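>>> have a look at this fold, sequence not included:
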Ligand SMILES: [Zn+2]
């Protein structure tokens with residue numbers, strides 16, 4: 001047992017058990033029941049919100065509360081229940097102090113590492129019988145398919161002054177304080193069908209219109225905090241028909257709302273101009289996917305994570321990410337929240353790995369955040 005009370009063997013066993021529970025996005029029922037049983041046993045009050053119904057999933061977000069016995073502001077710990085695919089019939093390899101799959105499935109450490117670490121912190125605190133601040137635990141569904149669970153999160157009753165989301169690759173000690181907003185574009189180009197051999201002059205090729213729009217568009221890395229991508233294109237029926245319809249999906253992200261607005265306006269303008277020049281029509285929908293967040297280096301959540309890392313002998317770093325996660329919505333709901341690196345590598349790939357030592361360190365980091373937060 002370590003100085004923090006984290007029980008290494010229990011943590012690793014619990015992690016392995018979680019890895020073997022198949023629970024992909026919207027199919028989180030089995031892992032939710034597993035966690036609910038553990039937390040109930042440990043004295044937490046547990047509920048599900050109705051996000052499951054809202055997004056067509058098996059269960060909603062799992063929300064648990066522990067009183068902790070310390071008169072201090074509540075802390076929120078959050079991890080997601082779902083993994084990407086494939087995970088079915090995981091064959092676990094454990095070698096050189098790390099966990100991996102046999103290469104035919106992903107491992108699922110993203111985010112079973114976060115889930116296991118949070119559960120171990122509750123185990124350790126309960127076992128020690130020490131007072132700690134009220135804990136609000138949020139285990140979200142459908143994070144991997146557009147952060148849908150936390151988008152639909154029912155925050156009724158959540159009072160946390162700050163939040164921590166162990167859900168990022170890289171060695172333990174990185175605190176992610178900034179993440180972009182994302183908007184999605186759905187575009188349908190309406191051209192005009194005609195026989196390609198007999199009467200091509202009567203047609204307007206939606207494919208050519210799309211090509212013209214996209215060729216003139218700024219994409220990829222726009223600047224240090226802004227990116228854009230056209231990721232999907234469908235259209236056309238046969239080589240002898242001038243294509244009358246093309247559907248296109250794209251996205252833009254930025255940590256600066258003004259730059260995001262500018263980039264999306266530019267993308268929309270490219271489609272509109274190409275349609276205008278060719279006599280086609282562009283039907284464009286812009287959707288908000290998630291909002292940005294940007295916490296100062298002296299924000300309480302950042303300070304709490306820094307102090308705890310330093311106590312563990314880890315040099316804390318702050319960083320920005322180019323991706324969206326549960327932290328985007330928790331911040332938007334008024335709970336200043338950081339993401340913590342969790343020691344896994346190659347997430348979303350079949351060579352995903354989780355270092356054992358890093359998992360222990362993650363649990364110790366969270367434990368110290370909880371124990372020390374009342375004093376920072
Ligand atoms: Zn994740």
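Yes, it's here. Note that the structure is predicted; figures quoted are calculated from it, not measured.

>>> hey, let's count contacts and neighbours off CA atoms from now on
Fine.

>>> what residue in the stretch 201-350 of the chain comes nearest to the ion?
Relative to the ion, the nearest point of the stretch 201-350 of the chain is residue 325 (7.3 Å; Cα to the ion).

>>> that residue contacts residue 143, correct?
Yes. Using Cα atoms under 8 Å, residue 325 is in contact with residue 143, at 6.9 Å.

>>> show me what contacts the residue of the stretch 201-350 of the chain closest to the ion?
143, 147 (Cα atoms under 8 Å, 6 or more residues apart in numbering).

>>> interface residues of this structure facing the ion?
Of all the residues in the chain, those in contact range of the ion (Cα under 5 Å from the ion) are 110-111, 167.

>>> please narrow the residues you listed to those residing in helices.
110-111 (DSSP state H).

>>> in stretch 173-181, what's buried?
Buried positions in stretch 173-181, judged by neighbour count with 16 or more other Cα atoms under 10 Å: 173-181.

>>> stretch 197-213 too?
203-210, 212-213.

>>> quick one: it to chain centroid distance?
40 Å (Cα atoms, centre = their mean, to the nearest Å).

>>> what's the answer for stretch 126-135, then?
Centroid separation for stretch 126-135 versus its chain: 28 Å, with Cα atoms, centre = their mean.

>>> span of that stretch from start to end?
Counting by Cα to Cα, to the nearest Å, you get 12 Å between the two ends of stretch 126-135.

>>> list the buried residues of it.
In stretch 126-135, the ones that count as buried by 16+ other Cα under 10 Å are 126, 132-135.

>>> so who does the closest residue to the ion within the stretch 151-300 of the chain touch?
Of all residues in the stretch 151-300 of the chain, residue 167 sits closest to the ion, at 5.0 Å by Cα to the ion. Counting by Cα under 8 Å, 6+ apart, residue 167 makes contact with 79, 110-111, 113-114, 339-342.

>>> now, those residues that are in helices?
Among these, the members found in helices (DSSP H) are 110-111, 113-114.

>>> top of those residues by neighbour count?
Each of those was scored for neighbours by other Cα atoms under 10 Å, and residue 113 scores highest at 33 neighbours.

>>> wait, isn't residue 92 in contact with residue 103?
No. Using Cα under 8 Å, residue 92 is not in contact with residue 103; the gap is 9.5 Å.

>>> need the strands for the stretch 1-150 of the chain, in chain order.
45-48, 62-66, 75-80, 92-95, 98-101, 135-140 (DSSP state E, counting those that start in this stretch).

>>> note down every partner strand of the fifth one and its orientation.
The strands that strand 98-101 pairs with in its sheet are strand 92-95 (antiparallel), strand 353-355 (antiparallel) (by DSSP bridges).

>>> so can I have a markdown table of those showing mean pLDDT?
What follows is the strands paired with strand 98-101, written out as a markdown table (pLDDT from 0 to 100):
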| stretch | mean pLDDT |
| --- | --- |
| strand 92-95 | 94 |
| strand 353-355 | 95 |
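
>>> so of those strands, which one's packed in deepest?
Comparing the strands paired with strand 98-101 by mean neighbour count (mean count of other Cα atoms under 10 Å), strand 353-355 ranks first with a mean of 24.

>>> so where's the stretch 201-350 of the chain uncertain?
For the stretch 201-350 of the chain, applying pLDDT under 70 flags no range at all.

>>> where along it do the strands fall?
220-223, 226-235, 245-254, 281-290, 293-294, 317-320, 337-340, 344-345.

>>> about what we covered before: from the buried residues of stretch 173-181, which land in strands?
Applying DSSP state E to the buried residues of stretch 173-181, the entries found in strands are 174-179, 181.

>>> which residues are in contact with the top helix by length along the chain?
Looking across the chain with DSSP H, the single longest helix is helix 257-278. Helix 257-278 is contacted from outside by 181-183, 189, 204, 209-210, 212-214, 216-218, 226, 228, 252-254, 280-282, 284, 292, using Cα under 8 Å, 6+ apart.

>>> now residue 132: closest residue in space, sequence neighbours ignored.
With Cα to Cα, 6 or more residues apart in numbering as the criterion, residue 132 has its nearest non-adjacent residue at 4.6 Å, and that residue is residue 68.

>>> in this structure residue 62 contacts residue 149, no?
No. Under the criterion of Cα under 8 Å, residue 62 makes no contact with residue 149, lying 10.0 Å away.

>>> got any residues that touch both of those two?
residue 140.

>>> more neighbours: which of these two?
Set side by side, residue 62 and residue 149 show more neighbours around residue 149, with 32 against 24, by other Cα under 10 Å.

>>> can you pull the contacts of the more buried one?
Each residue near residue 149 by Cα under 8 Å, 6+ apart is listed here: 51-52, 55, 60-61, 140-143.

>>> from the residues you listed, which is closest to the ion?
Distances from the ion to those, taken by Cα to the ion, are shortest for residue 143, at 7.1 Å.

>>> so how far is residue 117 from residue 349?
Distance of residue 349 to residue 117, given as Cα to Cα: 22 Å.

>>> hmm, back to that, now the longest helix of the chain: buried residues?
Going by 16+ other Cα under 10 Å, helix 257-278 has these buried residues: 257, 259-260, 263-264, 267-268, 270-275.

>>> related to what we said a few turns ago, more neighbours, residue 349 and residue 117?
Shown here are residue 349 and residue 117; by other Cα under 10 Å, residue 117 has more neighbours (28 against 17).

>>> quick check: closest non-adjacent residue to that one.
residue 363 (4.5 Å).

>>> what helix or strand is the one you found on?
Taking DSSP states H and E as the criterion, residue 363 maps to helix 356-373.

>>> contact partners for the closest residue to residue 61 other than its chain neighbours?
Using Cα to Cα, 6+ apart and skipping the chain neighbours, the partner closest in space to residue 61 is residue 140 (4.6 Å). Residues near residue 140 by Cα under 8 Å, 6+ apart: 60-62, 78-82, 149-150, 153, 326.
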